[in-house]
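Engineer: Sharing a model that was predicted from the sequence below.
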Amino acid sequence: GQQLNQSPQSMFIQEGEDVSMNCTSSSIFNTWLWYKQDPGEGPVLLIALYKAGELTSNGRLTAQFGITRKDSFLNISASIPSDVGIYFCAGREYGQNFVFGPGTRLSVLP
Amino acid sequence: GAVVSQHPSWVICKSGTSVKIECRSLDFQATTMFWYRQFPKQSLMLMATSNEGSKATYEQGVEKDKFLINHASLTLSTLTVTSAHPEDSSFYICSARGPESSYNEQFFGPGTRLTVL
């Protein structure tokens, strides 16, 4: 079935550094979503993207809908300890269910 | 964003018993609900998709007689793990989505941790 690739699989960064991660698909999507999951909790929706090229921010987080419609990017600026968690991307074609990526595990070192 | 609740948040049961987990959309009508399973440090594994009033569609490898799903209303779906065994111990997360539109988003519940002794 449909699969998404997320990169990197995991990352260790110093507090204060910026973070970049991406998600790629073999299909064209109409919607991209980015989630964060804290340990022992369900994923929380961070940002939703609906148009190719769209750039949307949520605080220190910025996500972009790739112009090819086959990828999306998430950036976190000036990371802090509470940014630790798993970040999932999800994409879908209109009328279909969302497909989720395997996640990027972020660790922030003080 | 919309709110999805799950109950219970954790449950411990003896092997052979059945456990029911409820998932509710609190402020929107969830025409489609999803059940996921997640093992420690692993990704989300979709178990089944259910549309209100219809039978659930199970993913390959998921036993429908083992994991009974009922989506009786637009705000409630239940997952019953029948005759639970230790290998069923996991983190179960439900998710819900509203009616089809160009601006669909999918929202997750907080999860239920099941431990089968």
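Structural biologist: On my side now, so go ahead. Numbering: from 1, shown residues only, chains lettered A, B, ... in the order given.

Engineer: can you give me the strands for chain A?
Structural biologist: A:4-7, A:10-14, A:19-25, A:31-37, A:44-49, A:55-58, A:61-65, A:71-76, A:85-92, A:99-100, A:104-109 (DSSP state E).

Engineer: okay, the ones you listed in CSV with mean neighbour count, distance to chain B and mean pLDDT next?
Structural biologist: From N, CA and C alone the C-beta is placed, and that goes for glycine too. Listed next are those as CSV, based on neighbours: other CB atoms under 10 Å in any protein chain shown; distance: least, CB to the nearest CB, whole Å; pLDDT from 0 to 100:
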stretch, mean neighbour count, distance to chain B, mean pLDDT
strand A:4-7, 18, 9, 95
strand A:10-14, 12, 10, 96
strand A:19-25, 21, 13, 97
strand A:31-37, 24, 6, 97
strand A:44-49, 20, 5, 96
strand A:55-58, 13, 11, 96
strand A:61-65, 20, 13, 98
strand A:71-76, 22, 14, 98
strand A:85-92, 24, 7, 96
strand A:99-100, 22, 5, 92
strand A:104-109, 17, 8, 95
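
Engineer: Look up the closest residue to whatever residue of chain B ends up closest to chain A, ignoring the ones flanking it.
Structural biologist: Closest contact between chain B and chain A, by CB to the nearest CB, is at residue B:108 (3.9 Å). Nearest residue to residue B:108, sequence neighbours excluded (CB to CB, 6 or more residues apart in numbering or on different chains): residue A:42, at 3.9 Å.

Engineer: how about the residues of chain B near chain A?
Structural biologist: Taking CB under 8 Å from any CB of the partner chain as the contact definition, chain B meets chain A at B:1, B:4, B:6, B:32, B:34, B:41, B:43-44, B:46, B:49, B:91, B:93, B:95, B:97, B:100, B:102-111, B:113.

Engineer: Quick one: low-confidence residue ranges for chain B.
Structural biologist: Applying pLDDT under 70 to chain B flags residues B:1, B:102.

Engineer: which residues does the most centrally placed residue in it form a beta bridge with?
Structural biologist: Nearest residue to the geometric centre of chain B (CA atoms, centre = their mean): residue B:35, 3.3 Å. Following DSSP bridges, residue B:35 is listed with bridge partners residue B:48, residue B:94.

Engineer: looking at it, it is touching residue B:67, isn't it?
Structural biologist: Yes: in this structure, residue B:35 is within contact of residue B:67 by CB atoms under 8 Å, at 7.4 Å.

Engineer: what's the overlap in contacts for those two?
Structural biologist: Residues touching both residue B:35 and residue B:67 by CB atoms under 8 Å, 6 or more residues apart in numbering or on different chains: B:47-48, B:79.

Engineer: Residue 26: how many residues sit nearby?
Structural biologist: No chain was given, so I picked chain A. Residue A:26: 9 surrounding residues under other CB atoms under 10 Å in any protein chain shown.

Engineer: oops, chain B please
Structural biologist: Counted with other CB under 10 Å, the neighbours of residue B:26 add up to 12.

Engineer: That one - nearest residue in space that isn't next to it in sequence?
Structural biologist: Nearest residue to residue B:26, sequence neighbours excluded (CB to CB, 6+ apart): residue B:3, at 4.3 Å.
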